[in-house]
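J.: the following comprises the amino acid sequence and a computationally predicted model.
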Amino acid sequence: MNHITFTSRGKPVAAEMAGPAGTPARGLVVIAYGSDGLTDNLSGPWASMIRGHAEALAAKGFSVLVPDFLAATGTAPGPGVFERIAGCRDAWQAAISDAIDHGVALSKVDPGAVGLLGFSLGGHLALRLRGKAKALVEFFAPVLDGIGGPGPAGHPAQVQIHHGKADALPGTGFANAEAIEQTLRSEGVATELLAYPGAGHGFIGSDLSNQSARDLSKARMLAFFEAHLAVAANPPTPSTSPKESHPMNPTLNGQWAYRSFRHEPIVLKDGQVQGQPDLAIPWSPPGVLVAQTDSAGQVTGSLTFAPGAVLKVTGKIHAAAGKMPASVELIGEGQSSVNRIKGYFVPGSDHVVGTILCTANDLLKQPNGTLGPFVLFPIKA
């Protein structure tokens with residue numbers, strides 16, 4: 001992250017900025033932090049989280065700007081922020097708005113490719129500035145005394161809301177997310193409310209519900225901005241021989257539907273299969289893989305089957321070689337279960353097919369060594 005300064009209401013305001021290296025930015029995302037500012041403290045690792053989101057967006061080709069808007073009014077991060085909302089909110093909004101204008105000029109991005117990402121108080125402020133964004137993502141924002149109107153510039157085309165069902169911080173309970181969704185829908189805004197059972201405010205904590213919420217929400221946020229904000233840097237060139245072509249840069253990004261199957265144990269006698277064992281028996285319940293792939297082909301994410309039934313997923317994508325299509329090798333781990341997954345990107349389609357092998361403690365109690373086919377296909381909005 002680079003440190004820069006811009007001007008708001010005649011005062012210098014510090015900011016942190018990140019962006020793609022050596023290529024034009026696909027859009028600008030301005031991040032508004034919460035009442036704890038860019039600090040890691042006993043309430044949570046806010047600075048680390050926000051910078052992590054910024055760097056992940058930059059890796060996707062976006063310019064990212066994080067303005068220190070509290071400093072525009074000399075307000076120290078922490079609980080005292082709430083006592084100053086009434087007197088300072090307009091100045092904070094102005095600082096974020098000026099950060100958008102400065103970021104557009106500095107990054108040389110299309111003014112129509114601006115996104116806002118806000119956390120808690122920052123989410124509230126981002127919503128009040130929603131007329132300046134094409135796409136907006138807010139995390140656990142409070143309504144407070146209202147999120148205002150869209151303003152003369154109109155309203156964003158898309159909004160995504162993340163909120164924990166167990167949010168118990170005074171004034172930020174889940175009802176806030178429902179009220180915000182209702183307001184936006186009444187304006188005709190396409191709004192997606194994503195609830196996280198068992199997750200609290202900020203998604204902090206080492207329990208499975210909050211861990212899953214952190215990973216899943218980040219991957220969903222990245223996929224959202226890629227789908228609704230990004231300007232394609234290199235449009236694909238039509239293939240002249242589709243039967244021989246392979247994806248040049250295959251990735252696992254966003255949400256993918258997952259299905260797996262198994263067969264009954266096979267018994268051989270004198271080289272012959274005994275009986276009529278059932279084939280292609282559904283194995284796991286339908287799952288959702290939320291993943292992201294970095295520039296080196298490293299994959300991280302989570303595979304969720306139900307609340308509390310989540311596998312952490314890591315692995316690598318291998319480029320196509322010769323007549324072999326691109327492939328992916330993954331490890332899914334969680335609740336002492338370990339599974340190996342290997343599949344291929346099917347040329348001419350958007351599916352990945354392959355084999356899953358349970359090496360330890362299958363969640364559905366199948367014996368170690370159980371294996372069978374799987375399929376992944378993207379979940380499209």
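T.: It's in.
J.: only C-alpha atoms for contact and neighbour calcs from this point on.
T.: Fine.
J.: what bits of the protein have low per-residue confidence?
T.: 22, 42, 151-154, 231-249, 381 (pLDDT under 70).
J.: all helices for it, in order.
T.: For the chain, the helices defined by DSSP state H cover 46-59, 85-107, 121-128, 174-186, 208-228.
J.: got a markdown table for these, with distance to Leu311 too?
T.: Converted to a markdown table, the helices of the chain look like this (distance: least, C-alpha to C-alpha, whole Å):
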| stretch | distance to Leu311 |
| --- | --- |
| helix 46-59 | 21 |
| helix 85-107 | 37 |
| helix 121-128 | 29 |
| helix 174-186 | 26 |
| helix 208-228 | 9 |
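J.: which among those is found nearest to Pro347?
T.: Counting by C-alpha to C-alpha, Pro347 lies closest to helix 208-228 out of the helices of the chain; the figure is 22.2 Å.
J.: ok so, going back, I'd like the helices of the chain as a markdown table, with distance to Gln292 and mean neighbour count appended.
T.: As requested, the helices of the chain are exported to a markdown table (distance: least, C-alpha to C-alpha, whole Å; neighbours: other C-alpha atoms under 10 Å):
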| stretch | distance to Gln292 | mean neighbour count |
| --- | --- | --- |
| helix 46-59 | 9 | 20 |
| helix 85-107 | 24 | 18 |
| helix 121-128 | 23 | 27 |
| helix 174-186 | 26 | 17 |
| helix 208-228 | 6 | 21 |
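J.: and the gap between the residue located most distally from the centre of the chain and Asp278?
T.: Within the chain, Asp270 marks the point farthest from the mean C-alpha position, 53.4 Å out by C-alpha atoms, centre = their mean. Distance from Asp270 to Asp278, counting by C-alpha to C-alpha, to the nearest Å: 20 Å.
J.: ditto for Pro77
T.: 62 Å.
J.: of the two, who's got more company?
T.: More neighbours surround Pro77 than the other of Pro77 and Asp278, with 16 against 11 (other C-alpha atoms under 10 Å).
J.: touching, the more buried one and Asp40? I think so.
T.: No. When contacts are counted by C-alpha atoms under 8 Å, Pro77 is not listed as touching Asp40 (10.9 Å).
J.: what do these two both touch?
T.: With C-alpha atoms under 8 Å, 6 or more residues apart in numbering applied, the contact sets of Pro77 and Asp40 do not overlap.
J.: tell me which residues touch the closest residue to Thr39 other than its chain neighbours, please.
T.: Closest residue to Thr39 apart from its sequence neighbours, by C-alpha to C-alpha, 6 or more residues apart in numbering: Ala47 at 4.8 Å. Contacts for Ala47 (C-alpha under 8 Å, 6+ apart) come out as 37-40.
J.: sorry, back to before: select, out of the helices of the chain, the one closest to Thr370.
T.: helix 208-228 (25.9 Å).
J.: for that closest one, the distance to its chain's centre please.
T.: 3 Å (C-alpha atoms, centre = their mean, to the nearest Å).
J.: ok, residues contacting that helix?
T.: Against helix 208-228 from outside (C-alpha under 8 Å, 6+ apart): 53, 56-57, 60, 115, 134-135, 137, 158, 160, 162, 164, 196-200, 203-205, 253-255, 290-292, 301-302, 307-308, 310.
J.: tilt between it and helix 46-59?
T.: Counting by axes from the mean of the first three to the mean of the last three C-alpha atoms, to 10 degrees, helix 208-228 points 30 degrees away from the direction of helix 46-59.
J.: CA atoms only for helix 208-228, dumped as PDB, please.
T.: Below are the C-alpha coordinates for helix 208-228, written out as PDB (Å, rounded to 0.1, in the frame of the first residue of the first chain):
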ATOM      1  CA  LEU A 208     -16.200 -21.900  12.700                       C
ATOM      2  CA  SER A 209     -19.200 -19.500  12.000                       C
ATOM      3  CA  ASN A 210     -17.000 -16.400  12.100                       C
ATOM      4  CA  GLN A 211     -14.100 -18.000  10.200                       C
ATOM      5  CA  SER A 212     -16.400 -19.200   7.500                       C
ATOM      6  CA  ALA A 213     -18.100 -15.700   7.300                       C
ATOM      7  CA  ARG A 214     -14.700 -14.000   6.900                       C
ATOM      8  CA  ASP A 215     -13.600 -16.300   4.100                       C
ATOM      9  CA  LEU A 216     -16.900 -16.600   2.300                       C
ATOM     10  CA  SER A 217     -17.700 -12.900   2.400                       C
ATOM     11  CA  LYS A 218     -14.300 -11.800   1.100                       C
ATOM     12  CA  ALA A 219     -14.600 -14.200  -1.800                       C
ATOM     13  CA  ARG A 220     -18.100 -13.100  -2.500                       C
ATOM     14  CA  MET A 221     -17.100  -9.400  -2.400                       C
ATOM     15  CA  LEU A 222     -14.300 -10.000  -4.900                       C
ATOM     16  CA  ALA A 223     -16.500 -12.000  -7.300                       C
ATOM     17  CA  PHE A 224     -19.200  -9.200  -7.000                       C
ATOM     18  CA  PHE A 225     -16.800  -6.400  -8.000                       C
ATOM     19  CA  GLU A 226     -15.400  -8.500 -10.800                       C
ATOM     20  CA  ALA A 227     -18.900  -9.200 -12.100                       C
ATOM     21  CA  HIS A 228     -20.500  -5.800 -11.700                       C
END
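J.: alright, I will stop here.
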